[in-house]
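[1] My questions concern the predicted model and sequence given below.
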Amino acid sequence: MVEQLQNSLSNLDFRQHSYEYVDITDDFFKISSKIDYGTIAKSKAFKLLQGTHALETLNPKLDTSLLEIAEFDVCSLKSIDQLNWLLSRLYGCLCAWLDNSALSVTVLSCSYIERMLLNYRAHDVSNYGFYEDKEFVDIYTLLQNCKNNEDDAVETMIRDGVLRSFCLGLIQFVSFCLRLGQAGVIYEEEDLNTQTMDLNFLNEFPIHKTIGDLDASIEWLEENATEKRKEGSADFQGFVTSAMLLRLIKSLVSNIPSILQLKLDLFQSYPDLQFGFIKDSLDLIDTLKKCSTYIDGTPELVNCFTTNIQKKLNNGAPPKPLAHLSFEESMNHISRLLIDLKNMLCLVHTKDSVEFLYYMRFFMNTRQATEDEDEILGNHVIVRALLQLFLVRDDQNSDHSRPRHPT
């Protein structure tokens, strides 16, 4: 693309042609003098924003076409330790996005996520894997191959079974958060960047299939962890950690969206409604934090995270560096989301309108101090969106007896 542009520009070189040119300098300034100072003159054939594109051409800081494509072989993921490095990095990307980075520099920078979404866009549910030129194999066939001790069955299961099921859960959780951000109850771009680069984040993919794949992967990981422990293998730690990382994404994608489907009446008693998944998830995060030393030592997959998608797809932004949080920071971020969610859900136990009003004032004014004295955190952006959609239905009614949806 850049070479074609350079060839076209070279044809404009006056020295290469013997044309007789007419000097229009005086006419140009004469006409332009009639335009009032500060007035913008543009053709109706293009939008005003398009007029800035010339500033981006061949400028490395502004022109995404100058980005170099980094090659990555999806089959390079072969070990459980590499898998855990990748999963921890994806959590860091997810949390960086929720902290108001763009999807293009976080979640979508992962080659596996990119290829899964491109295949889903091209083939729908018939192929949501990582390959364009290989037949799609479902997780249950992969599990059977492992039982039959086929060649490379374990490596293939780690990549096409465990990683793929994790990516399904992660993408569908991102999809849910996108719907919250686009529902008009928080500020798009300021609170949450909702630029999807025209990709479909598995919006029509059945959630029960994602949960089924996650369950199958978790069961396989835990069975292998038990075997590795008996053998005294060093891989025991890896399989246990992978299982916990999958359990966490399963908890997020299966429980948080379901909150908006609850049918409740105000000021009624719901003693059995305790939202136990929050405590379970927080306990799981505490256990995962103890694995930080192991995760920090796992081998990196070179070129797995790149700026490729910024060049390939619909990207209206200039080139940006990749963003992600450390594993410990990402676990703390998810903990904050869950704690804020737990506090928000206390409103279902309010007994009357006065108690409800005082609780809402307390909750909405909650602030958390940070290590940065100039930064004070309010409630998590996802929880702020959930609160408003939990209280107000699509029909703008606060009748808790009606079902509600994220959009």
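    Right, received. Where do you want to start?

[2] can you tell me which helix or strand E150 belongs to?
    For E150, there is no host helix or strand (DSSP states H and E).

[3] ok, it to M157 distance?
    Noted for E150: a distance of 10 Å to M157, by Cβ to Cβ, to the nearest Å. C-beta: built from backbone N, CA, C; applies to glycine.

[4] So between the two, which is more surrounded?
    Neighbour count, other Cβ atoms under 10 Å: between E150 and M157, M157 has more, with 22 against 12.

[5] what sits against the closest residue to the more buried one other than its chain neighbours?
    Counting by Cβ to Cβ, 6 or more residues apart in numbering, M157 lies nearest to L142, which is 4.9 Å off, once chain neighbours are set aside. Shown in contact with L142 (Cβ atoms under 8 Å, 6 or more residues apart in numbering): A153, T156, M157, D160, G161.

[6] I figured the last one hits D215, correct?
    Same thing as G161. No. Look at G161 against D215 with Cβ atoms under 8 Å: they stay out of range, at 11.8 Å.

[7] When those two are compared, which one has more neighbours?
    Comparing G161 with D215 by other Cβ under 10 Å, the one with more neighbours is G161, at 26 against 15.

[8] per-residue pLDDT, that one?
    Looking at G161, its pLDDT is 97.

[9] List of residues touching the helix or strand that contains K230?
    Counting by DSSP H and E, the element that carries K230 is helix 207-231. If you take Cβ under 8 Å, 6+ apart as the criterion, helix 207-231 is touched by 139-140, 143, 146, 157, 161-162, 164-166, 168-169, 172, 235-236, 239-240, 242-243, 246-247, 249-250, 253-254, 257.

[10] which among those end up buried?
    Buried by 16 or more other Cβ atoms under 10 Å: 139, 143, 146, 157, 161-162, 164-166, 168-169, 172, 235-236, 239-240, 242-243, 246-247, 249-250, 253-254, 257, out of the contacts of helix 207-231.

[11] the helices in the stretch 251-400 of the chain, which residues?
    With helices called from DSSP state H, counting those that start in this stretch, the stretch 251-400 of the chain shows them at 276-289, 292-296, 308-312, 327-344, 353-364, 381-391.

[12] what about P299, how many neighbours?
    P299 has 10 nearby residues by other Cβ under 10 Å.

[13] Same check on N315?
    Residue neighbour count, defined by other Cβ under 10 Å, stands at 20 for N315.

[14] From what I see, it and T64 are in contact.
    Yes. Between N315 and T64 a contact is recorded at 5.7 Å, counting by Cβ under 8 Å.

[15] how near is P206 to L199?
    Per Cβ to Cβ, P206 is found 19 Å from L199.

[16] If you could redo that for E132, that was the one I meant.
    E132 is 16 Å from L199, by Cβ to Cβ.

[17] thinking again about what came up before, pick out whichever of P206 and L199 has more residues nearby.
    Per other Cβ under 10 Å, whichever of P206 and L199 has more neighbours is L199, with 18 against 11.

[18] Verify the assumption that that one is located in a strand.
    No. Secondary structure assignment (DSSP: H, G, I helix; E, B strand; the rest coil) places L199 in coil, not in a strand.

[19] dump the residue contacts of F72.
    F72 makes contacts with S111, L301, V302, N303, C304, T306, as judged by Cβ under 8 Å, 6+ apart.

[20] Flag the shaky bits of this structure, pLDDT-wise.
    Residue ranges of the chain with pLDDT under 70: 1-19, 50-55, 188-189, 368-376, 393-407.

[21] what helix or strand is the closest residue to K78 other than its chain neighbours on?
    Among residues not flanking K78 along the chain, E155 sits closest, at 4.9 Å (Cβ to Cβ, 6+ apart). Using DSSP H and E, E155 falls within helix 153-156.

[22] Mind listing what's buried along that helix?
    Going by neighbour count (16+ other Cβ under 10 Å), the buried part of helix 153-156 is A153, V154, T156.

[23] which residues touch it?
    K78, S79, L142, N145, C146.

[24] do that again at 7 Å, thanks
    With Cβ atoms under 7 Å, 6 or more residues apart in numbering as the test, helix 153-156 has contacts from K78, L142, N145, C146.

[25] Mind telling me the two of those farthest from one another?
    Across those, no pair lies farther apart than K78 and N145, at 15.6 Å, counting by Cβ to Cβ.

[26] quick one: which of these two has more around it?
    Each of K78 and N145 has its neighbours counted (other Cβ under 10 Å); N145 has more, 18 against 15.

[27] Report the separation between the residue nearest to that one when sequence neighbours are not counted and D160.
    Spatial nearest neighbour of N145, chain neighbours left out: A153 (4.3 Å); criterion: Cβ to Cβ, 6+ apart. Distance, A153 to D160, by Cβ to Cβ: 10 Å.

[28] need the contact list for the closest residue to C304 other than its chain neighbours.
    Using Cβ to Cβ, 6+ apart and skipping the chain neighbours, the partner closest in space to C304 is S111 (5.4 Å). Applying Cβ under 7 Å, 6+ apart to S111 gives the contacts F72, V74, C304, T306.
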